[in-house]
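Trainee: after the sequence you'll find the predicted model.
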Amino acid sequence: MFTYLHVKNFKSLVDFTIDFRNSRNTPRKFIAIYGENGAGKSNIVDVFYFLKRTLNTRLDFEFPQIDIPIIPQKHKKQVSRDLTSLKTIIKNSKTFGSNDNMVIKCGIRINNIDYEYIIETDNENIVYEKLSYIKSNNSKLLYEIKKDKTLIANSIKDSRYKHELEYEIKKYWGKHSLLAIINYESYAKRVDFIKTAINKELLLFNDYFIILNILRPLNQYEPQPANVNMRFLTPMIDEYVIEINKEYLLNITEKLLNIIATALYSDIKQIYYRRKLENNNLLYKLYIKKLIGNNIVDIEFVRESAGTQKLFSIIPFIIEAMYGQTVIIDEFDTGIHDLMVKSLLENIVNHLGGQLIITTHNTTLMESDIKKDSIYILDILPNRKKEIFSLADYDEKLHPNLNIRKRYIAGTYGGVPYINDINFDEIDEIILNEAQKQ
């Protein structure tokens, strides 16, 4: 789970720190980030996305069509190599107009090991990378690399492989991170060799980012990474195909969707997949039995509202967080009724085995049973500097009788827009005057 994040010159986050730990120095399992539109909530999510993408740059370049899906898609689009290059990733991430380097520093706790990862870039390449960890109060450097210095001895257990990796670093590092090089090596070499040659703490850290799930609005300039780790199927609006020996995934997903959907929707009576066998594959498509008038009718999932489709798409991700994974979702509540969001999150937060980080505008969560220290406010100060804090860190003690939602909307904690009245009479006058000139 993430414990903290510090960034410099990343999009609108010029010098920004967020601490995900509570007073016991334990990472919070649930974090809901609030703030006005344009404050930078999505940019916080994009920092995690940046780290996830840099892990795959060499793999994407060497194997642009690598296929490791749980859900093989019927139609695939090839992603341009240019879009997946580190140079493009940096270009799309660095603060516009900044001449200073971009720096990301994050803390992550995995199996009671506290890692610290630092990556620094100029306008095109990585110029510094470091990974260290603390285990049983003992601190250890796994590796540190910059232009004229390479320390990797604690990362490698096999002396022959150490020389090979040093050659790979001289050849590829800068255009790829060491994590990206190792991620590629994990696919290019036998699994048993990698496990014996590379330090287990490094592999553990690398695996954390491989299974990190990030759900964000699609951007044509920043392709969404495949979530190859999902143990459940993300509901699709098209017909998809799965190997016959993976049919159990259909069964599991079908059952969990039924439990949640029938609890949240009074008119949904059943969720099911229609299946058709072709060779050794199953073609599947999601359907809903729905009460319309006095009749129960079968409706293709594609005909459901955008809000329902959004809700169904995030359910498998939430279940992953329940089973120990870190899941980050931007604009969690878009298109979904406030009360549904409130009910869903109230029911899941006490079952999280992993970490769920969301951005949201749903203020009803502030009046829910969710712990108030899980609520973070992103505020823009008068000097345009941005700060973020948990409500538990606020100056006043959060008395149980305080209405947090009303205080937030009133601007007590910041993070809300300050809006002047819009003069529609003036707009009408402008339109009329311009029309008379024609």
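Mentor: Perfect, thanks for sending it.

Trainee: so which residues of the stretch 101-250 of the chain form helices?
Mentor: Applying DSSP state H, counting those that start in this stretch to the stretch 101-250 of the chain gives helices spanning 159-172, 178-188, 191-197, 200-210, 247-264.

Trainee: now the fourth one: average pLDDT?
Mentor: Pointing back at helix 200-210 there. When pLDDT is averaged along helix 200-210, the result is 90.

Trainee: list the buried residues for it?
Mentor: For helix 200-210, a neighbour-count test (16 or more other CB atoms under 10 Å) marks Glu201, Leu202, Leu203, Phe205, Asn206, Tyr208, Phe209 as buried. (Glycine included, C-beta is placed from N, CA and C.)

Trainee: Leu286 falls within a strand, correct?
Mentor: Yes - using DSSP: H, G, I helix; E, B strand; the rest coil, the assignment for Leu286 is a strand.

Trainee: is it bridged to anything, and to what?
Mentor: According to DSSP bridges, the residues that bridge with Leu286 are Tyr273.

Trainee: got the buried residues of helix 200-210 as CSV, with distance to Lys372 columns?
Mentor: Conversion of those to CSV gives the following (distance: CB to CB, whole Å):
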residue, distance to Lys372
Glu201, 35
Leu202, 37
Leu203, 37
Phe205, 32
Asn206, 35
Tyr208, 28
Phe209, 30
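
Trainee: so what touches the helix or strand harbouring Ala321?
Mentor: Using DSSP states H and E, Ala321 sits in helix 306-322. Contact with helix 306-322 is made by 213, 215, 229-235, 237, 253, 256-257, 260-261, 264-265, 286, 301, 304, 327, 329, 332, 334-337, 340, 344, 348, 351-356, as judged by CB atoms under 8 Å, 6 or more residues apart in numbering.

Trainee: alpha carbons of the very next helix or strand once past that helix, as PDB, please.
Mentor: Remark: after helix 306-322, the chain's next helix or strand is strand 326-329, criterion DSSP H and E. Only the C-alpha atoms of strand 326-329 are listed here, as PDB (Å, rounded to 0.1, in the frame of the first residue of the first chain):
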ATOM      1  CA  THR A 326      -4.000  -1.500  -4.500                       C
ATOM      2  CA  VAL A 327      -6.700   0.000  -6.700                       C
ATOM      3  CA  ILE A 328      -6.800   3.700  -7.800                       C
ATOM      4  CA  ILE A 329      -9.900   5.000  -9.500                       C
END
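
Trainee: please determine how far Leu257 is located from Leu286.
Mentor: As judged by CB to CB, to the nearest Å, Leu257 and Leu286 stand 8 Å apart.

Trainee: what's the answer for Val416, then?
Mentor: Per CB to CB, Val416 is found 38 Å from Leu286.

Trainee: quick one: which of those two has more around it?
Mentor: Neighbours were counted for Val416 and for Leu286 using other CB atoms under 10 Å; Leu286 has more, 26 against 18.

Trainee: burial count for Leu256?
Mentor: 17.

Trainee: how many neighbours does the nearest residue to it once chain neighbours are set aside have?
Mentor: Distances taken as CB to CB, 6 or more residues apart in numbering place Ile319 nearest to Leu256, at 6.2 Å, with adjacent residues excluded. Residues lying near Ile319 (other CB under 10 Å) number 20.

Trainee: next one: the one 10 residues further on
Mentor: Neighbouring residues of Ile329 were enumerated by other CB under 10 Å; the total is 21.

Trainee: pretty sure it contacts Ile357?
Mentor: Yes - at 7.4 Å, Ile329 counts as touching Ile357 under the criterion of CB atoms under 8 Å.

Trainee: between those two, what contacts are shared?
Mentor: Applying CB under 8 Å, 6+ apart, one finds that Ile329 and Ile357 are jointly contacted by Val45.

Trainee: low-confidence ranges, the stretch 51-200 of the chain, go.
Mentor: The model of the stretch 51-200 of the chain has pLDDT under 70 over residues 61-83.

Trainee: rerun that using 80 as the cut-off
Mentor: 60-84, 189 (pLDDT under 80).

Trainee: cool, the stretch 301-438 of the chain as well?
Mentor: Within the stretch 301-438 of the chain, the ranges that satisfy pLDDT under 80 run 382-384, 394-403, 410-412, 415-421, 434-435, 437-438.
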